[in-house]
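# Just the structure for this:
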Amino acid sequence: MLSGNDNEVLFGNFIADAVKGNSYLDLSKKVQEGVLLHRFIDDFTDTNSHYLAGKRRFYEEFPKMGGVINDIVFDYLLWQYELKTNSLNLEKEIVRYYTVLDSFKNEMPNKIRFMYRYMKRDDWLNNYKSEKGIKRALYGIGRRINYSNDLESSFEIVKQNMDSYLEEFIEFFQAIKNEIKH
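The predicted structure follows:
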């Protein structure tokens, strides 16, 4: 969505977490643009007051996991926003996303390729539209990092504060779209 319509930018944005330091300079200009876009989004998110408000709600029960949980929650909220406004055509974008990533699969860093195999097989992006899908994602993350608290139970905090989360997400989403022009 934030990567625009350029396939290489989308790919760069997707692999950015595995691209360390200045090694992105070895990639094509458009893939570099995607890596830098991802880094910008991370920086923007880490300092955005609307994102931080949601993240803080998890600190008491899920110390050190607020950011991880809130990232997943914002994916869910993007779906809720789309289902309500129908402004993004998220289902069509997700098909495009998987198609583009499939075409770049051989160029993915090993760590990303491994993760992508499970992401596509389990259709993470479409599963983010439901509470069940989000809880499954949170459970999987908790299991992978051997987190002792039931991470999926964090969604109860979201349900108790849904109006605030939706409002914060909309403010965040509008602000980041205004910052990223394609």
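
# which residues in this protein form helices?
In the chain, the helices defined using DSSP state H lie at 7-15, 29-47, 49-56, 66-85, 90-103, 110-121, 124-127, 131-144, 155-160, 162-179.

# which residues are in contact with the longest one?
So the one you mean is helix 66-85. Helix 66-85 is contacted from outside by 1, 46, 51, 54-59, 62, 87-90, 125, 128-129, 131, 133-134, 137-138, 141, 151, 154-155, 158, 165-166, 169-170, 172-173, using CB atoms under 8 Å, 6 or more residues apart in numbering. C-betas here are computed from N, CA, C, even on glycine.

# What does residue 59 show for phi and psi?
The phi/psi pair for residue 59 (degrees, to the nearest 10) reads phi -60, psi -40.

# picking that back up, just the buried subset of the contacts of helix 66-85, please.
In those, burial by neighbour count holds for 1, 51, 54-55, 57-58, 62, 90, 125, 128-129, 133-134, 137-138, 141, 151, 154-155, 158, 165, 169-170, 172-173, counting by 16 or more other CB atoms under 10 Å.

# one step back: just the helices of the chain: most buried one?
Mean neighbour count (mean count of other CB atoms under 10 Å) peaks for helix 7-15 among these, with a mean of 23.

# what's that helix packed up against?
Here helix 7-15 touches helix 29-47, helix 90-103, helix 110-121, going by 3 or more CB pairs under 8 Å, 6 or more residues apart in numbering; DSSP states H and E.

# Could you figure out how far the first one is turned away from helix 49-56?
Orientation of helix 29-47 against helix 49-56 (axes from the mean of the first three to the mean of the last three CA atoms, to 10 degrees) gives an angle of 70 degrees.

# could we number from 148 for the rest of this?
That works, and once the first residue is 148, the last one we named lands at helix 176-194.

# what's the average pLDDT for helix 176-194?
The average pLDDT within helix 176-194 is 96.

# same check, this time on the last one
Averaging pLDDT along helix 257-268 yields 94.

# Now do that helix: which elements does it pack against?
helix 154-162, helix 237-250.
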